[in-house]
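Colleague: make a model of this:
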Amino acid sequence: MLQTQRLVLRPWAENDDKTLYRWASDPAVGPPAGWPPHKSTDESREVLRQILCRPESYAVCLRCDGVPIGSLSLHFSDVSDLARAEGECELGYWLARPFWGLGIMPEAAMELLRHAFEELGMERVWCGYYEGNERSRRVQEKCGFVPQWTTQDVDMPQMHEKRTGHVSVLTRQDWLARRAAEK
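Modeller: You can find the predicted model right below:
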């Protein structure tokens, strides 16, 4: 479990299925990130089992109640197209719509980046977003990610479409320099 001033990042549990469905069924949440809205609690339960209940995958919760309002995870080479080398991972995230614009995801992401660099020894963290997902772009910008490349016609099999994808990276060196400047 990881904590910030306002948040607790804790492992997902199978009994989070109803809460996950509540937020992941919102058509404004998943499609910008590349996945369709959940259609049932059963589907959310399966996503928990197959995707979210993995190492370094966290439910983003407010400290006041511990109920998930989003997700944040580190993906390694076994499930990431971006993190291919030892010491690299990919950051993924989403947040429920009622909590947009409150600085929650940058706060959560900065704590997970601290964990990645300080505790897991990562040298590079990759992150991406699809064209039009300005909220995701802003999270990456606020966390210090540096744009690397843009790819046209990225196949989105779950969404049955192609999109333009943007990829950014944050290196350990840049993260350490940013932390030093903040002190």
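Colleague: going forward, measure contacts and count neighbours with C-alpha atoms only.
Modeller: OK.
Colleague: quick check: next helix or strand after the strand or helix carrying Glu43?
Modeller: Assigned by DSSP states H and E, Glu43 belongs to helix 41-47. Once the chain leaves helix 41-47, the next helix or strand it forms, by DSSP H and E, is strand 57-62.
Colleague: can you list the strands that that next one pairs with?
Modeller: strand 7-11 (antiparallel), strand 68-75 (antiparallel) (DSSP bridges).
Colleague: and the ones you listed: which comes nearest Trp126?
Modeller: strand 68-75 (9.4 Å; CA to CA).
Colleague: other SSEs contacting the helix or strand following the closest one?
Modeller: Using DSSP H and E, the next helix or strand after strand 68-75 towards the C-terminus is strand 88-95. Where contact means 3 or more CA pairs under 8 Å, 6 or more residues apart in numbering; DSSP states H and E, strand 88-95 is packed against strand 68-75, helix 104-114, strand 124-130.
Colleague: which secondary structure elements does the second one contact?
Modeller: Helix 104-114 makes packing contacts with strand 2-3, strand 7-11, strand 68-75, strand 88-95, helix 134-143 when contacts are defined by 3+ CA pairs under 8 Å, 6+ apart.
Colleague: circling back to that earlier point, how about JSON lines for the helices and strands packed on strand 88-95, with mean pLDDT, distance to Cys53 and mean neighbour count added?
Modeller: As requested, the helices and strands packed on strand 88-95 are exported to JSON lines (pLDDT from 0 to 100; distance: least, CA to CA, whole Å; neighbours: other CA atoms under 10 Å):
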{"stretch": "strand 68-75", "mean pLDDT": "97", "distance to Cys53": "10", "mean neighbour count": "23"}
{"stretch": "helix 104-114", "mean pLDDT": "97", "distance to Cys53": "16", "mean neighbour count": "21"}
{"stretch": "strand 124-130", "mean pLDDT": "97", "distance to Cys53": "20", "mean neighbour count": "23"}
